[in-house]
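Chemist: Using only what follows, build the 3D model:
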Amino acid sequence: MASSGNSSSSSSLTDGVAAALQSVMHPGAHFVVGLSGGVDSVTLLAILADLAGVMRFSLRAVHIHHGISPNASSWAQFCQDLCRKLNVPLHVERVHVDDYRALGVEGAARRARYEVYAREQADFIVLAHHRDDQAETLLLQLVRGAGLLGMAGMPGLRPLEGSRAGILRPLLGFARTDIQAWARDRGLPWIEDESNDDTARQRNFVRHRVLPLIEERFPAARATVARAAAHLAEAGALLAELARLDLATLDGEKDVAVAGLRRLGAMRAKNALRALLRSRAIPVPTAAQLDELYRQLVGARED
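Modeler: Down below sits the predicted model:
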């Protein structure tokens, strides 16, 4: 467990969170914080607890007990003690990640978490992802060969599938060091997950090995990579709007609208097909599969 320190921290973190909330919320909105017990989520919870009365929203926390670490139960107890001190109601949910083992440990834990989030009765599920997380996400997506939407990283706000709630990330504009300084300044306790040092996990490898090496030559790399993710998100939004307009032109045509797809040309047609599949909750195919889908559609006979 870590805590203490007298380093000064400005009000910018609190102001930034307040601004992010103000842009989306209404008085009486209900927020649920995903509380792991790490410094990021502990800091977010403390800031929201400070703001709840002033901004007139209700606040709860949920802690997911994955059962992966031998320390999982002590982490749940830590979160219970913290929420008691902050006077924030907490729900602890045990999950079984074995149901999703095919996704890998990290993927299984994430799937289980988000299924719990989707069952929460809230307007917003508030998560503590920050600028460093965004930079790590973009680099991971880049080496996986992701498309534009994948490399856009994590949005500040997005719908949560299967829920009326949205996923809200008000710390995306702040660095991990900003968050740690705020927590030390407040004397907040937090837990350290031993798995965060395991570089066999992809994100930890990027965090502890790749980014520090890049920063030897490019000291502001985390900020600039995160900024690139924001640029890619804007470009992705433009492509989504173009797809919406193109699909609207195909609605009046019969059957598969093959003639309309041909008129759009390959790039715009594939962009429209991606959007169509996504809107129907169909997994988006790989680039090779999409190329073949387009080839077969535009080559289809009249019958």
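Chemist: starting at the chain centroid, how far to the longest helix anywhere in the chain?
Modeler: Scanning the chain for the longest helix, with DSSP state H as the assignment, gives helix 221-250. Centre-to-centre, helix 221-250 and its host chain are 16 Å apart (Cα atoms, centre = their mean, to the nearest Å).
Chemist: Tell me the helices and strands packed up against it.
Modeler: Secondary-structure packing of helix 221-250 (3 or more Cβ pairs under 8 Å, 6 or more residues apart in numbering; DSSP states H and E): helix 131-143, helix 148-151, helix 211-217, helix 258-264, helix 266-279. For glycine as for every other residue, the C-beta is placed from the backbone atoms N, C-alpha and C.
Chemist: out of those, deepest packed?
Modeler: helix 131-143 (a mean of 21; mean count of other Cβ atoms under 10 Å).
Chemist: now the angle between helix 221-250 and that helix, please.
Modeler: Here the directions of helix 131-143 and helix 221-250 differ by 60 degrees (axes from the mean of the first three to the mean of the last three Cα atoms, to 10 degrees).
Chemist: same for helix 131-143, what does it pack against?
Modeler: helix 148-151, helix 202-205, helix 211-217, helix 221-250.
Chemist: average model confidence for it?
Modeler: Average pLDDT, helix 131-143: 94.
Chemist: Same question for stretch 243-251.
Modeler: Stretch 243-251 comes out at a mean pLDDT of 86.
Chemist: just stretch 207-227 next, same as before
Modeler: Per-residue scores along stretch 207-227 average to 95.
Chemist: quick one on the thing from earlier: nearest to Gly187, of the helices and strands packed on helix 131-143?
Modeler: helix 221-250 (26.4 Å; Cβ to Cβ).
Chemist: ok and the closest one relative to helix 266-279, angle-wise?
Modeler: 90 degrees.
Chemist: Which of the residues in helix 221-250 are classified as buried?
Modeler: By 16 or more other Cβ atoms under 10 Å, the buried positions in helix 221-250 come out as 221-223, 225-226, 228-230, 232-233, 236, 239, 243, 246-247, 250.
Chemist: Could you let me know which of those ends up closest to Leu103?
Modeler: Ala229 (23.2 Å).
Chemist: What are the phi and psi values at the closest residue to that closest one other than its chain neighbours?
Modeler: Nearest non-adjacent residue to Ala229, counting by Cβ to Cβ, 6 or more residues apart in numbering: Gly153, 3.6 Å away. Backbone geometry at Gly153, expressed as degrees, to the nearest 10, gives phi 70, psi -150.
Chemist: likewise Arg60?
Modeler: Dihedral angles (degrees, to the nearest 10) for Arg60: phi -130, psi 170.
Chemist: Tell me what it is bridged to.
Modeler: Val32 (DSSP bridges).
Chemist: Dump the helices and strands packed on helix 221-250 to JSON lines, plus distance to Leu103.
Modeler: Formatted as JSON lines, the helices and strands packed on helix 221-250 follow (distance: least, Cβ to Cβ, whole Å):
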{"stretch": "helix 131-143", "distance to Leu103": "15"}
{"stretch": "helix 148-151", "distance to Leu103": "16"}
{"stretch": "helix 211-217", "distance to Leu103": "24"}
{"stretch": "helix 258-264", "distance to Leu103": "34"}
{"stretch": "helix 266-279", "distance to Leu103": "20"}
